[in-house]
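**Student:** Take this sequence and fold it.
(2 chains)
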2 protein chains.
Amino acid sequence: MTWFRNILQITSFKSSFNQKHTYPSSQIIYTTRFFIRNFTSESFQTTPSPSSSPSVSNTITSGLEPTKPNEKPRVVVLGSGWAGCRLMKGLDTNIYDVVCVSPRNHMVFTPLLASTCVGTLEFRSVAEPIGRIQPAISTAPGSYFFLANCKGIDTDKHEIKCETVTDGADSVPPWNFKIAYDKLVIASGAEASTFGIKGVKEHAIFLREVSHAQEIRRKLLLNLMLSDVPGISKEEKSRLLHCVVIGGGPTGVEFSGELSDFIKKDVHERYAHVKDYIHVTLIEANEILSSFDVRLREYATKQLTKSGVRLVHGVVKEVQPQKIILNDGTEVPYGLLVWSTGVGPSNFIKATELPKSPGGRYILHSIGLVTTLKLHTIFFLKCNVHALLPHKEGLPI
Amino acid sequence: MTWFRNILQITSFKSSFNQKHTYPSSQIIYTTRFFIRNFTSESFQTTPSPSSSPSVSNTITSGLEPTKPNEKPRVVVLGSGWAGCRLMKGLDTNIYDVVCVSPRNHMVFTPLLASTCVGTLEFRSVAEPIGRIQPAISTAPGSYFFLANCKGIDTDKHEIKCETVTDGADSVPPWNFKIAYDKLVIASGAEASTFGIKGVKEHAIFLREVSHAQEIRRKLLLNLMLSDVPGISKEEKSRLLHCVVIGGGPTGVEFSGELSDFIKKDVHERYAHVKDYIHVTLIEANEILSSFDVRLREYATKQLTKSGVRLVHGVVKEVQPQKIILNDGTEVPYGLLVWSTGVGPSNFIKATELPKSPGGRYILHSIGLVTTLKLHTIFFLKCNVHALLPHKEGLPI
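**Tutor:** Numbering: from 1, shown residues only, chains lettered A, B, ... in the order given. Alright, predicted model coming up:
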């Protein structure tokens, strides 16, 4: 009857489908678990898109209603970067409910992102889930993380409109909802600057998100393998293995250094057939690390040159699929192109009606601390300030 | 003059572009480096596709010519699975040159793949680069790894035709080349069986490659986050968080167990808002683990049921984007669908003209050892044999 007992467990679908099961506490020892969502770094959008989902109550009236007097005030944080995460970590969740709205469910430790492109660090080492930064978001009844883009702010009604990020899933259409806020913190970050140069968005890879680092690693390894295939000309090998970095700021310099270390160590060991073809070029319009002290600039220049990175003075005019064209007409063939020329205001910030500087950034005046949360309603955060900037006070950030 | 010295390093592009640099030996201590290419698990294809690349000598005549009498004989291995990797690891590279052709640059430790879907293990823990399994491939002058699909075998000329895998890179068209072999080892593996059921390839996820595990993890986390959004009905939450596994073999059972552990531990801790909506259902047409001893089957059934996995007896008729239809007409809504119903012969194997059994697999007779490499020219490898099967001897594998 062993067979029969065994079969009994395999009940028919209809009878078991609505059955509830209890989950006994697990005795299994878990290894470290860490979850990173690899969303494309979609920025906050401003134009609402129509959505439909028959099985979902998808009217814009659905969402989180205004808090009642006997409830904790709700702090809504837009963004999951340095500033937003620092704020959420420091918030007293006995006093406030926290709602984070972001298209990314983790914070990225950006200074080490360049190291992940070549495997010095693993991707998971530079990302921290929001739920671990502020655990109340995972468990407290009034605190949430919503994987969504903010589509608009209604400062009169004290509410924001959001649309879910469905990451290209065909079976889940995006849908809209609103969130009423008591305090709104805008920490949605900036966007990579392309200066309107043709072809940058299509052919270059930025270095601001984990997904960018993954794409760089993927392309680098693909090019290393493709260049080893029989019949590839020397010119094509050199092109495939020419890694070009545009922008001599901290990110570009750090990445160039990591890449040259990778070449010296890993390429020579593991891709010995093509090791003489791979090169790194860093193109900068002015000086590298121009905002740093001159001794640091000198040191970086010396180290990069010593490592085999070619430092080139030039301004990019256009980016084509296999080559860059500089302002002086020089053509630079490339296999991997990383674009790191600083940031500018995002489309979301540009589209909001709150006061902005001529450059399109918010105008603020004084820098408050987290305690100022009591006095104001809307706050802006910048990643290197680590403090709250109350709305409408005159200082461009 | 510090400024001037600094600028001097930033030479104009033209003068520095052809300059050679030497790479001094690095003093930097490296953390563990490990590279996994996340190609989609493209199987070996048989229909050649036209390709063009103006800068590449891309005629089918390019490739590796036949070895000369004073050169080491060339062993060409098709595939980078268990069998191919075991062979390459054991080959004496003082006697043979090794050339591996595969669309995947790593071997996957498949028994632990299910654990990576929920983060019990990291993806890199179940993948080993080919260059580490057989280091000669990275360094020896006549040994190579080619990231390519085999498109055909010419047994008369002793050569194979290949096409590079470019992984969707727009700037690198695929190109063709040929490889002459002295010994050819066919270890290209099988393909996931769908039994021709409509919608499986479009909507279900297999569990045979690292990229599949990544897609499962991505979708699981996406559904967990989407189900927490305000305005989602209870039915939609239940659908999004219903994980259905088709096939009660070792992979399906292992994955169901991992998933239920994940729910008990991580979902209850980190996604507490939706923890009551997530369920796992395992659908099997016969018995789970049918090829195992009855005591093992009983134990697995008991453990799965105890963990909250619903075991369902049923045959899938059709898969739609949000629901499965069983043969008895039952509709099973799902948010995540994992398909694990065994394997069948690949298109590549079907298209070759070597003798096959009625089921489409190769016919072989005796099982040789690696030493038989001296006697035969073409060999077939199956992952659970770990030995060479000389061509044309009558035993279906």
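
**Student:** How much space separates the residue of the stretch 101-250 of chain A at minimum distance from chain B from B:R208?
**Tutor:** Per CB to the nearest CB, A:G231 is where the stretch 101-250 of chain A lies closest to chain B, at 2.9 Å. In short, each C-beta sits where N, CA and C put it, glycine included. Distance, A:G231 to B:R208, by CB to CB, to the nearest Å: 31 Å.

**Student:** returning to that earlier point: what's the burial count for the nearest residue to the residue of the stretch 101-250 of chain A closest to chain B once chain neighbours are set aside?
**Tutor:** Closest residue to A:G231 apart from its sequence neighbours, by CB to CB, 6 or more residues apart in numbering or on different chains: B:S62 at 2.9 Å. Residues lying near B:S62 (other CB atoms under 10 Å in any protein chain shown) number 18.

**Student:** Next up, the contacts around B:S62.
**Tutor:** Neighbouring residues of B:S62 by CB atoms under 8 Å, 6 or more residues apart in numbering or on different chains: A:230-231, B:177-178.

**Student:** Just flag the most distant two among those.
**Tutor:** Within these, two members stand farthest from each other by CB to CB: A:G231 and B:K178, at 9.3 Å.

**Student:** The strand ranked longest in chain A packs against which elements?
**Tutor:** Counting by DSSP state E, the longest strand found in chain A is strand A:144-154. Packing partners of strand A:144-154 (3 or more CB pairs under 8 Å, 6 or more residues apart in numbering or on different chains; DSSP states H and E): strand A:97-102, helix A:136-139, strand A:159-164, strand A:176-180, helix B:210-226.

**Student:** One more pass at 7 Å, please.
**Tutor:** Applying 3 or more CB pairs under 7 Å, 6 or more residues apart in numbering or on different chains; DSSP states H and E, one finds that strand A:144-154 makes contact with strand A:97-102, strand A:159-164.

**Student:** Name the spans of the stretch 151-300 of chain A whose pLDDT lies under the cut-off.
**Tutor:** A:167-171 (pLDDT under 70).

**Student:** Can you tell me which residues in it are near chain B?
**Tutor:** Residues of the stretch 151-300 of chain A lying close to chain B by CB under 7 Å from any CB of the partner chain are A:164, A:166-167, A:169-172, A:175, A:177, A:218, A:221-222, A:225-226, A:228-233, A:235-236, A:261, A:263-266, A:269-272, A:284, A:287, A:294, A:297-298.

**Student:** Just the ones in strands from those residues, please.
**Tutor:** Those of those mapping onto strands are A:164, A:177, A:284, per DSSP E.

**Student:** can you list the domains in chain A?
**Tutor:** Segmentation of chain A into domains, based on automatic domain parsing, reads A:63-190+A:345-396, A:200-342.

**Student:** Identify the residues contacting A:P230.
**Tutor:** Contact analysis of A:P230 by CB atoms under 7 Å, 6 or more residues apart in numbering or on different chains lists B:62-64, B:177.

**Student:** From B:G342, how far out is the residue nearest to the spatial centre of chain A?
**Tutor:** Computing the C-alpha centroid of chain A and ranking residues by CA atoms, centre = their mean puts A:E209 first, at 3.6 Å. Applying CB to CB, the value for A:E209 to B:G342 is 38 Å.

**Student:** go on, A:A140?
**Tutor:** Distance check for A:A140 against B:G342: by CB to CB, it reads 45 Å.

**Student:** more neighbours, the two?
**Tutor:** Neighbour comparison, A:A140 and B:G342: the larger count goes to A:A140, with 17 against 12 (by other CB under 10 Å).

**Student:** buried stuff in stretch A:253-268?
**Tutor:** Neighbour-count burial for stretch A:253-268 flags A:253-268 (criterion: 16 or more other CB atoms under 10 Å in any protein chain shown).

**Student:** Could you tell me which of the residues you listed belong to helices?
**Tutor:** If you go by DSSP state H, the buried residues of stretch A:253-268 have A:253-262, A:268 in helices.

**Student:** from those, which is closest to chain B?
**Tutor:** Of all these, the one sitting nearest chain B is A:D261; the distance, using CB to the nearest CB, is 5.8 Å.

**Student:** separation between that closest one and A:D97?
**Tutor:** Distance, A:D261 to A:D97, using CB to CB: 46 Å.

**Student:** can you check A:Q322 too?
**Tutor:** 52 Å.

**Student:** So the two - more neighbours on which side?
**Tutor:** Ranked by neighbour count (other CB under 10 Å), A:Q322 and A:D97 place A:D97 first, with 22 against 19.

**Student:** for the more buried one, which residues make a bridge with it?
**Tutor:** With DSSP bridges as the criterion, A:D97 is bridged to A:R74.

**Student:** wait, A:W175 sits on A:V165?
**Tutor:** No. The criterion here is CB atoms under 7 Å, and A:W175 misses it with A:V165 at 10.9 Å.

**Student:** Enumerate the positions of stretch A:87-97 that are buried.
**Tutor:** Of the residues in stretch A:87-97, A:87-88, A:91, A:93, A:96-97 count as buried by neighbour count, 16+ other CB under 10 Å.

**Student:** Ends of stretch A:172-190, what's the gap?
**Tutor:** Taking CA to CA, to the nearest Å, stretch A:172-190 runs 28 Å from one end to the other.

**Student:** Just the closest of the buried residues of stretch A:253-268 to A:S125, please.
**Tutor:** Using CB to CB, the buried residues of stretch A:253-268 come closest to A:S125 at A:E258, 13.8 Å.

**Student:** thinking again about what came up before, include distance to A:N347 when you put the helices and strands packed on strand A:144-154 into CSV, please.
**Tutor:** Shown next, in CSV, are these (distance: least, CB to CB, whole Å):
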stretch, distance to A:N347
strand A:97-102, 15
strand A:159-164, 14
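
**Student:** what's the most buried one of those strands?
**Tutor:** Of all the helices and strands packed on strand A:144-154, strand A:97-102 has the most neighbours on average by mean count of other CB atoms under 10 Å in any protein chain shown, namely a mean of 25.

**Student:** how far is that one from where the chain is centred?
**Tutor:** Chain-centre distance of strand A:97-102: 17 Å, with CA atoms, centre = their mean, to the nearest Å.

**Student:** so what does the next helix-or-strand element following that strand touch, helix or strand wise?
**Tutor:** Counting by DSSP states H and E, the next helix or strand C-terminal to strand A:97-102 is strand A:106-108. Applying 3+ CB pairs under 7 Å, 6+ apart, one finds that strand A:106-108 contacts strand A:127-129, helix A:130-133.

**Student:** How about the first one, which residues are buried there?
**Tutor:** Read that as strand A:127-129. Within strand A:127-129, the residues that qualify as buried are A:127-129, counting by 16+ other CB under 10 Å.

**Student:** Can you list the strands that that strand pairs with?
**Tutor:** Sheet pairing of strand A:127-129 (DSSP bridges) gives strand A:106-108 (antiparallel).

**Student:** on that earlier part again, can you point out the buried residues in the longest strand of chain A?
**Tutor:** If you call a residue buried by 16+ other CB under 10 Å, then strand A:144-154 has these buried ones: A:144-153.

**Student:** would TSV of the contacts of A:P230 with secondary structure be doable?
**Tutor:** Shown next, in TSV, are the contacts of A:P230 (DSSP: H, G, I helix; E, B strand; the rest coil):
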residue	secondary structure
B:S62	coil
B:G63	strand
B:L64	strand
B:F177	strand
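
**Student:** Filter those down to the buried ones.
**Tutor:** B:62-64, B:177.

**Student:** And these, which is closest to chain A?
**Tutor:** Looking across those and measuring by CB to the nearest CB, the closest to chain A is B:S62, at 2.9 Å.

**Student:** could you measure that closest one against B:C162, distance?
**Tutor:** 11 Å.

**Student:** now A:H106
**Tutor:** Computed with CB to CB, the distance linking A:H106 and B:C162 is 40 Å.

**Student:** Perfect, that will be all.
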